[in-house]
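dropping the sequence and predicted coords here.
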Amino acid sequence: MSQADHVQSSQTGNAWFRFWFQPSRAGGLDRVRQGLAVIVAVYFASAWGDLSLWYSYGGPASSTNLSGFLRDAGFAEEARWLISPLFLWDSLFQGTLWAEATWVYQLYVLIGIALAGWVALVIPSSQVPTEKLPRGRVLRLMNSVAPLLLWIWFVGWANRISILSSIAEPILSVSLAAIAIAPVAPLDASKRFIALHWRNTLSRRLLSCQVTLIAVMTTATMLAGRCWWDGTGAYVLNAPAEDRLISVRGTWFEVPWVYESTTMFLVIALPLGIFLAWQRAPTQWNTARQWGVALVWVWCLIVALLSQHLIYAATIAVICTAIISDTGAAKTAPASDSTS
């Protein structure tokens with residue numbers, strides 16, 4: 001390898017390392033964490049009404065029926081990786097009144113809502129010094145582990161309802177994992193949003209790359225469907241009668257140029273918005289980055305209104321802001337800030 005090639009390789013490696021790990025401020029990550037927690041709270045609350053119907057003893061998705069279905073379908077080996085506290089509970093108390101009990105699932109959902117509420121409400125409002133009072137140190141510890149616990153709790157629920165899950169659970173799971181990496185900002189109001197940390201950068205990049213890959217896969221899926229080429233894709237989103245949030249039958253939306261224009265917008269807006277949000281270097285692109293996120297938000301709003309994918313759309317709307325949340329990284333950060 002020539003010296004020029006060695007220098008170029010070294011520069012590429014350094015740029016790649018800085019992209020993922022250069023210490024940076026929390027920036028908008030706190031808002032992303034708060035937004036995801038609100039979505040999780042709504043998600044758990046929406047499951048409350050169906051707990052006794054689906055998961056209690058004899059229900060269609062009870063542990064007994066689910067294990068029998070997976071065994072008969074030949075997925076017993078793969079199902080061993082579906083780890084959930086609810087599976088463990090039903091297994092430990094199998095044959096007793098405590099197994100597959102509705103109150104157990106209700107308690108699980110309540111704990112999930114409580115964890116989400118802590119992350120969404122308590123962490124942002126915690127503005128007490130962390131070094132002076134024991135209560136402050138305890139609060140800081142609880143704030144630090146709450147996002148991780150929320151992710152574990154949600155994944156446990158997503159694994160338990162695997163046969164009933166939708167496209168929302170995977171994206172929300174990986175988003176919670178990424179935001180759990182970011183450290184909670186110092187509780188001292190005078191230091192909030194100032195500390196630099198490599199975990200902020202890693203979390204931000206993971207969220208940004210995740211939403212980019214989701215946008216690419218979503219766009220590719222749309223382009224693979226004939227309805228998105230003939231202009232009826234937006235109308236097809238509203239077709240499932242049982243899942244409609246709103247009905248467009250007999251409205252101006254049935255005018256061909258309206259749903260065809262909406263279809264064209266949905267195909268173009270998501271990839272274009274993500275592309276604009278990634279434009280970082282030139283100063284004149286700052287407004288374009290904000291317009292990119294705005295395009296993604298409008299896309300999410302239309303998808304949420306026309307389909308039943310509220311959690312999916314809301315999650316994309318929240319995590320896409322991570323792309324433009326970078327408030328700058330330090331070339332040389334104090335050791336206490338970047339390594340602690």
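Good, I have the coordinates. This is a predicted model, so every value here is computed, not measured.

phi first, then psi, for A101.
Main-chain torsions, A101, degrees, to the nearest 10: phi -90, psi 140.

my guess is it meets G59, correct?
No. A101 is beyond contact range of G59, at 11.2 Å (criterion: Cβ atoms under 8 Å). To be clear about C-beta, it is placed using only N, CA and C from the backbone, and glycine gets the same treatment.

what's the domain layout of the protein?
Domains of the chain are assigned by automatic domain parsing as 23-193, 196-340.

and L301, what element?
helix 286-306 (DSSP states H and E).

D72: neighbour count?
By other Cβ atoms under 10 Å, 9 other residues sit near D72.

where's it relative to V184, distance?
Per Cβ to Cβ, to the nearest Å, D72 is found 46 Å from V184.

and H197, by the same measure?
For H197, the distance to V184 - Cβ to Cβ - is 10 Å.

residue ranges with poor pLDDT in the chain?
1-13, 76, 126-136, 185-194, 240-244, 281-286, 326-340 (pLDDT under 70).

cutoff 80 now
The model of the chain has pLDDT under 80 over residues 1-13, 27, 69-81, 95, 125-140, 185-195, 239-254, 280-286, 325-340.

tell me the gap between stretch 218-232 and the middle of its chain.
24 Å (Cα atoms, centre = their mean, to the nearest Å).

quick one: buried residues of that stretch?
T218, T219, M222, W228, G231, T232 (16 or more other Cβ atoms under 10 Å).

check stretch 52-64 too.
By neighbour count with 16+ other Cβ under 10 Å, stretch 52-64 contains the buried residues W54, Y55, S56, G59, A61, S62, S63.

same thing with stretch 79-99?
Here stretch 79-99 shows A79, L82, S84, P85, L86, F87, W89, D90, A99 as buried, counting by 16+ other Cβ under 10 Å.

likewise stretch 65-73?
N65, L66, L70.

including distance to L266 and secondary structure, could those residues go into TSV?
Shown next, in TSV, are these (distance: Cβ to Cβ, whole Å; DSSP: H, G, I helix; E, B strand; the rest coil):
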residue	distance to L266	secondary structure
N65	38	helix
L66	35	helix
L70	36	helix
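
I'd like to know which of those is nearest to L301.
L66 (35.1 Å; Cβ to Cβ).

number of nearby residues for L213?
Using other Cβ under 10 Å, L213 has 12 neighbouring residues.

for I163, same thing?
14.

phi first, then psi, for it.
I163 adopts backbone torsions of phi -80, psi -10, taken as degrees, to the nearest 10.

contacts only, for it.
Residues in contact with I163 (Cβ atoms under 8 Å, 6 or more residues apart in numbering) are A61, L66, F69.

which non-adjacent residue is nearest the second one?
For L66, ignoring the flanking residues on the chain, the nearest one in space by Cβ to Cβ, 6 or more residues apart in numbering is I163 at 6.6 Å.

likewise for V258?
Leaving out its chain neighbours, the residue that sits closest to V258 by Cβ to Cβ, 6+ apart is W252, at 6.2 Å.

what's the neighbour count on that neighbour?
Neighbours of W252 using other Cβ under 10 Å come to 8.

that one and T263, how far apart?
Taking Cβ to Cβ, one finds W252 at 15 Å from T263.

picking up where we left off before, what is the nearest of the buried residues of stretch 218-232 to V303?
So of the buried residues of stretch 218-232, ranked by how close each gets to V303 (Cβ to Cβ), first place is T218, at 9.2 Å.

in which helix or strand does R18 reside?
For R18, the host element (DSSP H and E) is helix 3-21.

and the contacts of the helix or strand following that helix?
Downstream of helix 3-21, the first helix or strand assigned by DSSP H and E is helix 29-47. With Cβ under 8 Å, 6+ apart as the test, helix 29-47 has contacts from 109, 112-113, 115-120, 123-124, 147, 150, 154, 157, 168, 172, 175-176, 179, 182, 185, 193, 200, 203-204, 207, 311, 314-315, 318-319, 321-322, 325.
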